[in-house]
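>>> Take this sequence and fold it.
(3 chains)
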Amino acid sequence: MDKKPYNSSSSSSSQDPEVRKGPWTMEEDLILINYIANHGEGVWNSLAKAAGLKRTGKSCRLRWLNYLRPDVRRGNITPEEQLLIMELHSKWGNRWSKIAKHLPGRTDNEIKNYWRTRIQKHIKQAESSCSQSQQHQQHAQLSSETADHQQASSSHVSNTMADSQPMDTYSPSSFNHQAALADHQPFPTNPFPTVLDQSSFNYWSMDDLWPNMQILNGD
DNA sequence: AACGGTCGCAACCGCGAACCT
DNA sequence: AAGGTTCGCGGTTGCGACCGT
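This next block holds a predicted model:
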């Protein structure tokens, strides 16, 4: 990693020893939610100060946009959303905020994390398997001995995709946190239940979606 | 039951763009 | 036009949860 030493902050006040970092507490969340409910979003640095939060404006903005906003959808990425993500990523690359605009309620951070943890991993796996497969194919042309290897490679891709895709993920900590938040009811109602009924989930695997990904990538 | 490795997500950071004075 | 401030984006990290041994 080539990050520079963190000497000067990107925000004006994070050198201030009183500036808090790290995970947000429920109290901080409530303060931010209530402040925005009463005053609306504004200049984040002033908002942070006015709300009495010992956070940078940047941190408040991130927390609000990615987590506290009432229209944030949490829980599973649906198969439709996953396809859309893959399609849009094939068009625009890592323009996460642009992609997020086409997925209502999803944040760029969530999509970025999803891409990196789920999709990118399998692209790499598939690529390595493909290259192995290609090498085997080339070798097969020379020695005609590698039919089994090719089969093994392709089946390996499928297996790893299926095996390592617990698509129905949600964060238990997020659930507890928001459930606790709901107790305080800063908003009249929670319009988006955090935990979805597991029985209603659509289970799918990368096996199901991978062909579409390859089509989108022109493979 | 304990431990180590892996995974997923929230949050941080630096930087460039946009906006303001 | 220039300088300062704030915003927004994409990349990266830290850490808790989970899983296998």
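>>> Least confident secondary structure element in chain A?
None of the helices or strands of chain A scores lower by mean pLDDT, DSSP states H and E than helix A:147-163, at a mean of 32.
>>> How many neighbouring residues does A:Ala37 have?
Number of residues near A:Ala37 (other CB atoms under 10 Å) recorded here: 12. Just so you know, the C-beta spots here come from the backbone N, C-alpha and C atoms, and that holds for glycine as well.
>>> Repeat that for A:Ala48.
A:Ala48 is flanked by 24 other residues according to other CB under 10 Å.
>>> Same check on A:Trp24?
Neighbours around A:Trp24, by other CB under 10 Å: 19.
>>> repeat for A:Ala50
Residues within reach of A:Ala50, counting by other CB under 10 Å, total 12.
>>> any idea how far it is from DNA strand B?
Here A:Ala50 is placed at a distance of 17 Å from DNA strand B (CB to the nearest atom of the strand, to the nearest Å).
>>> what kind of secondary structure is that residue in?
helix (DSSP: H, G, I helix; E, B strand; the rest coil).
>>> didn't it look like it was pressed against A:Tyr35?
Yes: A:Ala50 is within contact range of A:Tyr35, at 7.1 Å (criterion: CB atoms under 8 Å).
>>> Just want the phi and psi numbers for A:Arg20.
Backbone geometry at A:Arg20, expressed as degrees, to the nearest 10, gives phi -80, psi 150.
>>> per-residue confidence at it?
Listed pLDDT for A:Arg20 reads 87.
>>> Secondary structure element holding the residue nearest to it when sequence neighbours are not counted?
In this structure, A:Arg20 finds its nearest non-sequential neighbour in A:Lys54, 4.6 Å apart by CB to CB, 6 or more residues apart in numbering. In this structure, A:Lys54 sits in neither a helix nor a strand according to DSSP states H and E.
>>> A:Lys54: what's it in contact with?
A:18-20 (CB atoms under 8 Å, 6 or more residues apart in numbering).
>>> Filter these down to the buried ones and hand me the PyMOL line.
Listed next is the PyMOL selection for buried residues among these, using 16 or more other CB atoms under 10 Å:
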select buried, chain A and resi 19
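>>> filter the contacts of A:Lys54 down to the ones close to DNA strand B.
Filtering the contacts of A:Lys54 for neighbours of DNA strand B using CB under 7 Å from any atom of the strand leaves A:Arg20.
>>> helix, strand or coil for A:Pro104?
Classification of A:Pro104 by three-state DSSP places it in coil.
>>> tell me the contacts of it?
A:71, A:73.
>>> any idea how far it lies from DNA strand B?
Counting by CB to the nearest atom of the strand, the separation of A:Pro104 from DNA strand B is 17 Å.
>>> May I have the predicted confidence score for that residue?
So A:Pro104 comes in at 85 (pLDDT).
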